[in-house]
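Enquirer: Sequence plus predicted model, see below.
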Amino acid sequence: NIKDFKGIILDLEGVLTQTATIHAKAWKQLFDEYFESLYQGNIKPFNIDKDYPFYLDGKPRYEGVQSLLKSRGLELPYGEPEDSIDQQTIYGLGNRKNQIFQNLLEEEGVRVYEDAVTQLMKWRNLGLKTAIISSSKNCRFILEVSGLINLTHTVIDGKTAKDQALKGKPEPAILLEAAEALNLAPKECIIFEDAISGIKAGKKGNFGLVVGIARYQNQQHLKNANADMVLQNFRGMDHLQNTQMQPWSRNHISSALNQFKTIAFEFQKYQPVFFFDYDGTLTTIVSNPSEAKIDDRTKGLVQALSYVGILSGRDLTDVQQLVGIDNIYYAGSHGFEIAGPGGMHQSYENNRELLPELDRIEHLLRDQIQTKDAWIERKRYAIAIHYRHVAKEDVHSLKKTIHEIAIGSTQLKLAHGKEVFEFKPNIEWHKGKAMNWLMEELGLNQAIYLPLYLGDDITDEDALFEIAGNGVGILVGDHGSETYAGYKLEDVTEVQQFLNLILEIT
């Protein structure tokens, strides 16, 4: 159980990020340029598939240069670490490779494993200390480019190892240094590694739990290295924790546009399923809710997607009429009523028993609320009180009246959204439950399908909570509170940009 531990130590490459392809491209560019400069037609060209894994992968940079040159019958003096990138030395070529690598990182971005980032955020919000380790001297640069630098308490990288003369894996020195930096004993820490040498280092260091992350179908190799547990990714972590995650500040999450490559990488393994809130997500919030119609551009984008569900606080028929798209799924009244293609219709059975109580509360609200510009909207299974246009000096008394009425009802609960209060059935059912019900009803197994939820309101946090760690949650705009979302978009325009990017690759 996660509560038995106080610290999480994660290897960077293969666990949090995937930069091997960029390393390989940098090596190819380096040697293509170098071999061409020698004007020797008999030098065998660099081949990524054959040369990178055999001569370069996993080796320190300068050792890799020497190894590849030796395979071509070439020799260079070692030179000095500070050699410039145009010097014909081992260090010179190695430094040139590093420059190419950093340029490619800035151009292409870092591919981040979304499941790992979401899990890392969960752990931090559970109060666990976190450390990221790497033998690479580019570790901090990669973390900064990827936006992960603020998600860890400490970083132990190749520079640290060099400065402190720490032995590399399978020796546990780097892992032990990370535990010490967190002020924790090894037994209090969980290690996450994707390589055999890392698993061996974790076991040799007597860490509390050593977990192998087998993203490349190398489960058996990690098991043979005596990993305590082997997972394909972090989606299998649920059974390790029974502590409720906490939300985090919107300022701590990255833009879904800036991190689109990370999200898109998931589509190589999973088929996307899209869930949207309506008001504030697919259409801007307007003074008169009846005028909040989806524009043609957004409508076209949504129609072009595969599986789509729109989950709204509006009545089911209301949101269906406003959107006007056939062959998608709709959930009205925050998920209490669901409809879709093929005659699908699902209504929460106990809702009809609440109609008399809804009538009673509506009567009290209309009788007691005299506030100018407050608008009471009766829905089938809810009552909304909008105060967007209420004068600031009148809001406090309005809220006081609403709360006093709410105290007198056990069948209904009071929820708060963007400048709206809402009386809803006091039942453990919401947008998140409706989303899960749709996934199950449609047979969309999460081993194959990846759910994405985009919403802008406090009422969307139920769905963002359900999807955290199991999909992609995106907060649109800012509802003023903490969120369970993993990414953010600023407004409906950015939602359109995001959907355009999705359609370009799917």
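Expert: That came in fine, so what should we check first?
Enquirer: what ranges of the stretch 51-200 of the chain fall below the confidence cut-off?
Expert: 58, 125 (pLDDT under 70).
Enquirer: which residues of it fall in helices?
Expert: Along the stretch 51-200 of the chain, the segments classed as helices by DSSP state H, counting those that start in this stretch run 61-71, 90-108, 114-125, 139-146, 158-163, 173-181, 196-204.
Enquirer: Of all those, which one comes closest to residue 464?
Expert: helix 114-125 (10.9 Å; CB to CB). Just so you know, the C-beta spots here come from the backbone N, C-alpha and C atoms, and that holds for glycine as well.
Enquirer: how far is that closest one from where the chain is centred?
Expert: Distance of helix 114-125 from its chain centroid, counting by CA atoms, centre = their mean, to the nearest Å, is 8 Å.
Enquirer: Run through the stretch 251-400 of the chain and note the low-pLDDT ranges.
Expert: 348-351.
Enquirer: What segments of it are helices?
Expert: 260-266, 296-304, 316-323, 355-368, 392-407.
Enquirer: on that earlier part again, I'd like the helices of the stretch 51-200 of the chain written out as CSV, with mean neighbour count and distance to residue 235 added.
Expert: As requested, the helices of the stretch 51-200 of the chain are exported to CSV (neighbours: other CB atoms under 10 Å; distance: least, CB to CB, whole Å):
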stretch, mean neighbour count, distance to residue 235
helix 61-71, 18, 33
helix 90-108, 19, 25
helix 114-125, 22, 5
helix 139-146, 20, 20
helix 158-163, 16, 30
helix 173-181, 22, 24
helix 196-204, 22, 20
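Enquirer: Let's have those in a markdown table, adding distance to residue 32.
Expert: Formatted as a markdown table, the helices of the stretch 51-200 of the chain follow (distance: least, CB to CB, whole Å):
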| stretch | distance to residue 32 |
| --- | --- |
| helix 61-71 | 12 |
| helix 90-108 | 11 |
| helix 114-125 | 33 |
| helix 139-146 | 24 |
| helix 158-163 | 25 |
| helix 173-181 | 33 |
| helix 196-204 | 30 |
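Enquirer: Among those, which comes closest to residue 418?
Expert: When these are compared by CB to CB, helix 114-125 sits nearest residue 418, at 23.9 Å.
Enquirer: relative to helix 139-146, how tilted is that closest one?
Expert: Orientation check (axes from the mean of the first three to the mean of the last three CA atoms, to 10 degrees): helix 114-125 against helix 139-146 gives 100 degrees.
Enquirer: Can you work out which other helices and strands pack against helix 114-125?
Expert: When contacts are defined as 3 or more CB pairs under 8 Å, 6 or more residues apart in numbering; DSSP states H and E, helix 114-125 sits against strand 7-11, strand 129-133, helix 260-266.
Enquirer: Can you report how many residues neighbour residue 362?
Expert: Per other CB atoms under 10 Å, the neighbour tally for residue 362 reads 15.
Enquirer: In this structure it contacts residue 383, no?
Expert: Yes - using CB atoms under 8 Å, residue 362 is in contact with residue 383, at 5.4 Å.
Enquirer: Report the set of residues contacting both of the two.
Expert: The contact sets of residue 362 and residue 383 overlap at residue 376 (CB atoms under 8 Å, 6 or more residues apart in numbering).
Enquirer: Ok, which of the helices of the stretch 251-400 of the chain comes nearest residue 310?
Expert: The nearest among the helices of the stretch 251-400 of the chain, by CB to CB, is helix 316-323 at 6.0 Å.
Enquirer: packing partners for that closest one?
Expert: Right, helix 316-323 is packed against strand 329-332, strand 337-340 by 3+ CB pairs under 8 Å, 6+ apart.
Enquirer: How about residues contacting the last one?
Expert: Okay, so that is strand 337-340. With contacts defined as CB under 8 Å, 6+ apart, strand 337-340 is touched by 309, 315-316, 320, 328-332, 344-348, 351, 380-381, 434, 437-438.
Enquirer: do that again at 7 Å, thanks
Expert: Residues outside strand 337-340 that contact it (CB atoms under 7 Å, 6 or more residues apart in numbering): 316, 329-331, 345-347, 434, 438.
Enquirer: Just the buried subset of the residues you listed, please.
Expert: 316, 329-331, 346-347, 434, 438 (16 or more other CB atoms under 10 Å).
Enquirer: Can you add distance to residue 131 and give the residues you listed back as a markdown table?
Expert: A markdown table is the format used below for those (distance: CB to CB, whole Å):
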| residue | distance to residue 131 |
| --- | --- |
| 316 | 48 |
| 329 | 43 |
| 330 | 45 |
| 331 | 41 |
| 346 | 46 |
| 347 | 50 |
| 434 | 39 |
| 438 | 39 |
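Enquirer: quick check, nearest of those residues to residue 484?
Expert: residue 434 (16.3 Å).
Enquirer: distance of the closest one from residue 293?
Expert: According to CB to CB, to the nearest Å, residue 434 stands 23 Å off from residue 293.
Enquirer: try residue 62
Expert: 62 Å.
Enquirer: Could you do residue 97 as well?
Expert: 55 Å.
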